[in-house]
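>>> need a structure here:
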Amino acid sequence: MSDIFEGFGTAAEGGLLARALDPDSGAKPVHPHQPDKCLNCGTNLTGAYCHACGQQGHIHRTIGAFMHDLLHGALHFEGKLWRTLPLLAFKPGALTRRYIEGERARFVSPMALFLFSVFLMFAVFQMLGFTAPADFTGEAPSEISASEVREEVARDIALAQDELAADDLTAQQRRETLERLIALEKDAGDAAVSERSAMRDFADGFMAGARGDESEVEPATEGVAEVADATVKTTKQGTGIAIIDKAVGKWTENPSLMLYKLQANAYKFSWLLIPISIPFVWLLFFWKRRFGAYDHAIFVTYSLSFMTLLFIIVSVVPMIGIPSAISTLAILVIPPIHLYKQLRGAYSLRRISAFWRLLALSLFIWIIIALFIQMLLLLGLF
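As a prediction, the model looks like this:
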């Protein structure tokens, strides 16, 4: 239940942030009870908003108006959202080109829509339970780490070796100690070598004990110690690259924490997909001077917004009884068709030009995802 409330909170947070970036379009009639002067700066009003400071002319002072503003701001319910979504879904190229050419008041800005869709996606994932495991606390983990386990095993091996070196062991005690030593060597990581070494020494020791000749028994310490030392030394060695060794160590010691940090960073730094993607789109048009980096930024941001909303839909539809095969088919078919239509409309391309750019962009997408994941892994180290 807490995940559901947290999901609603995340969606509202995204709406408020998007709202701050993309306020009302201003296409509003004058209110009949509007004052003659702006209540904020005192300028004479000539429309629904003050032309000097931008504040709305008529100010509501009722609880009903407050609740309306809350829903309006948090959930981003306004006319231009419903004008934007149909074009984003069915005519993405036209939406991209119209926004680039200056039609800003009619549509939700790409960045506001992207932020809201990302917040909404993670909110939905949280409500559906698509979250990383969190079986840890903010304090030091209660379970011992992998390095501590290795050190503990090494200490147990040394203790068993000392016991075997004692002269007052009976044959039964020596056999039990050697059996424990075999198990410890398996934990140390080289069971095959240790078992052969220890079993050979065990057989010799058992036969000598059976004859009652304790003096002939030599402690099985030398080979076991070498195996244990080599195992611990190999485990502690790394690639020699500090940042890689640090990453491997953190993932080994607490994979749940690192997985949670990876998901949290994907949520917080999803905007990095935009600057990562822009150079790759530029490569498709670098000889066409009429298309600049701004055009590519709008194209990328609207495209990412649509893909995010698509992921939300395909995540929810199985919960209402629609077969998961349909969701899988949608993920495979809809994105390339959408990208093709957006390329054609946004850059006024012919079919062949749009098609080969779609193929190139499909390859670039995998590179972009790989770079993004690497950046998330790097951010997770700090």
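
>>> packing partners of the helix ranked longest in the chain?
Ranked by residue count under DSSP state H, the longest helix found in the chain is helix 351-379. Applying 3 or more Cβ pairs under 8 Å, 6 or more residues apart in numbering; DSSP states H and E, we find helix 351-379 packed against helix 255-268, helix 273-283, helix 324-347. Using the backbone N, CA and C atoms, a C-beta is placed for each residue, glycine as well.

>>> report the buried residues of the helix or strand hosting T308.
Following DSSP states H and E, one finds T308 within helix 293-316. Within helix 293-316, the residues that count as buried by 16 or more other Cβ atoms under 10 Å are 295-312, 314-315.

>>> do the same with stretch 267-275
For stretch 267-275, by 16+ other Cβ under 10 Å, it's Y267, S270, L272, L273, I274.

>>> nearest to F364, of these?
When these are ranked by distance to F364 (Cβ to Cβ), L273 comes first, at 12.1 Å.

>>> could you check the pLDDT of that closest one?
Note for L273: predicted pLDDT of 94.

>>> do the same with E185
70.

>>> pretty sure it is touching A160, no?
No. With contact defined as Cβ atoms under 8 Å, E185 does not reach A160; the gap is 9.4 Å.

>>> first-to-last residue distance for stretch 31-48?
7 Å (Cα to Cα, to the nearest Å).

>>> what bits of this structure have low per-residue confidence?
1-28, 64-79, 130-150, 186-248, 250-251, 254, 381-382 (pLDDT under 70).

>>> quick one, strands of it?
With DSSP state E, there are no strands along the chain.

>>> how is it divided into domains?
By the assignment in automatic domain parsing, the chain contains the domains 2-24+78-135+257-379, 28-75, 146-236.

>>> of all the ones you listed, which lies closest to G249?
domain 146-236 (7.9 Å).

>>> excluding its backbone neighbours, what's nearest H51?
Distances taken as Cβ to Cβ, 6 or more residues apart in numbering place T43 nearest to H51, at 7.0 Å, with adjacent residues excluded.

>>> for that neighbour, phi and psi?
phi -70, psi 140 (degrees, to the nearest 10).

>>> so it sits against Y49, correct?
No. With contact defined as Cβ under 8 Å, T43 does not count as touching Y49 (10.6 Å).

>>> which other residues reach the helix holding T308?
Helix 293-316 is contacted by residues 88-89, 92, 95-96, 99-100, 110-111, 113-114, 117-118, 120-121, 124-125, 128, 130, 273-274, 277-278, 281-282, 285, 327, 330-331, 334-335, 338-339, 342, 346-347 when judged by Cβ atoms under 8 Å, 6 or more residues apart in numbering.

>>> I am finished for the moment; much appreciated.
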